[in-house]
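In: coordinates only, sequence not included:
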């Protein structure tokens, strides 16, 4: 993204979207902890007590509702705002959006949210273990590893730094916790109305540039198992691709027109098209490959943690719109500590050893 396009108003929209993501995570996590969320919710409040077995779908709906409520309060003249990706909750070996079933004590829970204001996006995710009475536990090495790896990425990214160098350090950092960086979950450059742009890592070699925005998405696994691509039969998260085709049915044309006006290329849940004629239109869109499902990943038989946040490469350093302010514990490695101590408010690159 050209740095001339990053205007103060754009930065503000991304930051405000990030604040709402953080508030939504607090809201959902505190609800699952069984603690009061009155200070956060103000106008939207649910019972303090978490049900013994909470429906994941219902919790996701609560997250989407909260984002819609909060975005409606700001930028009154902007009509297009809300979720940039449906709220998802995955447990244990599921990494991305298999939001089905119920939560039970001992589950390693990953909550993911994304919001946008006029197409400018921010996202965030948090991992924790659901304990007795809903108590939250973030002390697992895999959870600490995900947070540390994510924060290290934020400190490493500078103009002219190669993404491959960042990937090398992130894989090294995950190993220091006895964990593995999952290469199937990738961090992407983002644009207006596009949560995932062309440039991404791990996977590519390119140089970061001033004025770019990135949605950092880190997944870390406990074991060495390979990642699987899974197709749950109830996967409902889709996005509009760039294929051009005029649908032959009026139902399909109405649905694709609504998708393009409301979501553009941002992911959405097809369950919002609930009327019979809308469901027919959605199937027409799927059949003609105008929309496609977001990929679902799992690391079979091993627990995974996820940590996501958004950054802007600004004139005065890295602007981090979401994510933790400070790690609970630092890694033992001297080099990684030096990376984390490197100020975000500088564009000076960090020297990375050739061998790690």
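Out: Structure's in. What do you need? As the structure is a computational prediction, the values presented were derived from the model and not from experiment. Numbering: from 1, shown residues only.

In: what is the distance between the host helix or strand of residue 110 and the centre of its chain?
Out: If you go by DSSP states H and E, residue 110 is part of strand 108-117. Its chain's C-alpha centre and that of strand 108-117 lie 5 Å apart, by CA atoms, centre = their mean, to the nearest Å.

In: just stretch 21-34 next, same as before
Out: That offset, for stretch 21-34, works out to 15 Å (CA atoms, centre = their mean).

In: quick check: mean pLDDT of that stretch?
Out: Here stretch 21-34 scores 87 as its mean pLDDT.

In: just the buried positions in it, please.
Out: 21-34 (16 or more other CB atoms under 10 Å). Any C-beta I mention is one placed from the backbone N, CA and C, and that applies to glycine too.

In: tilt between the following helix or strand past the strand holding residue 110 and strand 108-117?
Out: Next helix or strand after strand 108-117 toward the C-terminus (DSSP H and E): strand 120-130. Orientation check (axes from the mean of the first three to the mean of the last three CA atoms, to 10 degrees): strand 120-130 against strand 108-117 gives 160 degrees.

In: same for strand 120-130, what does it pack against?
Out: Counting contacts by 3 or more CB pairs under 8 Å, 6 or more residues apart in numbering; DSSP states H and E, strand 120-130 packs against helix 8-33, strand 81-91, strand 108-117, strand 136-137, helix 141-156, strand 213-221, strand 304-314.

In: rerun that using 6 Å as the cut-off
Out: Judged by 3 or more CB pairs under 6 Å, 6 or more residues apart in numbering; DSSP states H and E, strand 120-130 is in contact with helix 8-33, strand 108-117, strand 304-314.

In: now these in JSON lines, with distance to residue 160?
Out: Compiled in JSON lines, the helices and strands packed on strand 120-130 are given as follows (distance: least, CB to CB, whole Å):
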{"stretch": "helix 8-33", "distance to residue 160": "21"}
{"stretch": "strand 108-117", "distance to residue 160": "28"}
{"stretch": "strand 304-314", "distance to residue 160": "11"}
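
In: quick one: which of the ones you listed is nearest residue 149?
Out: Nearest of the helices and strands packed on strand 120-130 to residue 149, taken as CB to CB: strand 304-314 at 7.4 Å.

In: how far off helix 8-33 does that closest one point, in degrees?
Out: 160 degrees.

In: show me which residues of the helix or strand just after strand 304-314 are buried.
Out: Next helix or strand after strand 304-314 toward the C-terminus (DSSP H and E): strand 317-320. With burial defined by 16+ other CB under 10 Å, the residues of strand 317-320 counted as buried are 318, 319, 320.

In: any chance of TSV for these, columns distance to residue 300 and pLDDT?
Out: Below are the buried residues of strand 317-320 laid out as TSV (distance: CB to CB, whole Å; pLDDT from 0 to 100):
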residue	distance to residue 300	pLDDT
318	35	95
319	37	95
320	33	94
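
In: how close does the residue of the chain most remote from its centre sit to residue 261?
Out: Note on the chain: the largest C-alpha distance from the chain mean falls to residue 248, namely 35.3 Å (CA atoms, centre = their mean). Distance, residue 248 to residue 261, by CB to CB, to the nearest Å: 20 Å.

In: equivalent analysis for residue 303, please.
Out: Taken as CB to CB, the span from residue 303 to residue 261 is 40 Å.

In: direction included, what does the strand holding residue 110 pair against?
Out: According to DSSP bridges, strand 108-117 has the following sheet partners: strand 81-91 (antiparallel), strand 120-130 (antiparallel).

In: any chance of a markdown table for those, columns mean neighbour count, mean pLDDT and distance to residue 163?
Out: A markdown table is the format used below for these (neighbours: other CB atoms under 10 Å; pLDDT from 0 to 100; distance: least, CB to CB, whole Å):
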| stretch | mean neighbour count | mean pLDDT | distance to residue 163 |
| --- | --- | --- | --- |
| strand 81-91 | 25 | 93 | 22 |
| strand 120-130 | 26 | 93 | 19 |
